[in-house]
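Chemist: Got a sequence here, can you model it:
(one chain, ligands or ions: 1)
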Amino acid sequence: MKKIMIDLDDTICTGGYLEVLNEYLGTNYTYDDLEDYYVESILKEDKLEEYLDHFYKYINVYDYVTIIPHAIEVIEKLTKKYDVYICSAYVDMRRPVESGRMATLKHQWISKNLPFIHPRKIILTGSKNLIECDIKIDDKFSNLKGYGETKLLLDTYHNQKYTEADLKERNVRRVKDWLEIEQLLLNEEVETLQ
Ligand SMILES: [Mg+2]
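Modeler: Have a look, this model is predicted:
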């Protein structure tokens, strides 16, 4: 059975980081205002430090997230045919100690929202690049290097800057949504992937 590693943030759930930032600042930023992976990169240095202290001490970003359409149902279907792992990095090197709390918050959210994933198949790590699997699904291009015969980049606001040539060089395929992933991994092209 092929192993699939699926990312969490902006792959299964999305949105929380921007809502938390807007609530903290009293602003209405949208994803169109952002280019970077870290939404708080729009803050100036002193405000950023204050925000990170607040975020890692008090906020559970998973109280704010929404589930990406069809993610849960497609992942549940994938578990019938593949060995599925949810893998999320939780270490923020700007706050390496305080961000340890994120491991608990991520574990709780995954357990509640993807109850069909065995607890041993939840991988919370600081080094995602060391984990070997056959198929990777992630929204972050830099996570799609290294191992993996099939690497799917879920289309989102911060990965638009990567061109088709960038993707080809790393053997990555861009997918627009979870229905395309379903089609690719469970339907028509499955033979070519195996
Ligand atoms: Mg992600």
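Chemist: burial count for Tyr90?
Modeler: 18 (other C-beta atoms under 10 Å). C-betas here are computed from N, CA, C, even on glycine.
Chemist: which stretch of helix or strand covers Lys151?
Modeler: strand 150-154 (DSSP states H and E).
Chemist: Which elements pack onto the next helix-or-strand element following that strand?
Modeler: Counting by DSSP H and E, the next helix or strand C-terminal to strand 150-154 is helix 164-169. When contacts are defined as 3 or more C-beta pairs under 8 Å, 6 or more residues apart in numbering; DSSP states H and E, helix 164-169 packs onto strand 172-175.
Chemist: And the strand it packs on, how far out from the chain middle?
Modeler: Distance of strand 172-175 from its chain centroid, counting by C-alpha atoms, centre = their mean, to the nearest Å, is 15 Å.
Chemist: What residues does Lys176 make contact with?
Modeler: With contact taken as C-beta atoms under 8 Å, 6 or more residues apart in numbering, Lys176 is in contact with Asp155.
Chemist: Next up, phi/psi of it, please.
Modeler: Main-chain dihedrals, Lys176, degrees, to the nearest 10: phi -80, psi -30.
Chemist: dump the residue contacts of Ile86.
Modeler: Met5, Ile6, Asp7, Leu8, Ile12, Ile110, Leu114, Ile117, Lys121, Ile122, Ile123.
Chemist: mind redoing it with 7 Å?
Modeler: By C-beta atoms under 7 Å, 6 or more residues apart in numbering, the residues touching Ile86 are Ile6, Leu8, Ile110, Leu114, Ile117, Lys121, Ile122, Ile123.
Chemist: ok, now Pro119?
Modeler: Counting by C-beta under 7 Å, 6+ apart, Pro119 makes contact with Ser111.
Chemist: Tell me the helix or strand right after the helix or strand where Ile72 lies.
Modeler: Per DSSP H and E: Ile72 is located in helix 71-81. Scanning forward in sequence from helix 71-81 by DSSP H and E, the next helix or strand is strand 83-89.
Chemist: Please identify the buried residues of the helix or strand following that next one?
Modeler: For strand 83-89, the following helix or strand on the C-terminal side (DSSP H and E) is helix 101-113. Going by neighbour count (16 or more other C-beta atoms under 10 Å), the buried part of helix 101-113 is Met102, Ala103, Leu105, Lys106, His107, Trp109, Ile110, Asn113.
Chemist: Now flag whichever of those is closest to the ion.
Modeler: Checking the buried residues of helix 101-113 against the ion with C-beta to the ion, the nearest one is Lys106 at 11.2 Å.
Chemist: residues touching the closest one, list them.
Modeler: Leu8, Ser88, Tyr90, Leu124.
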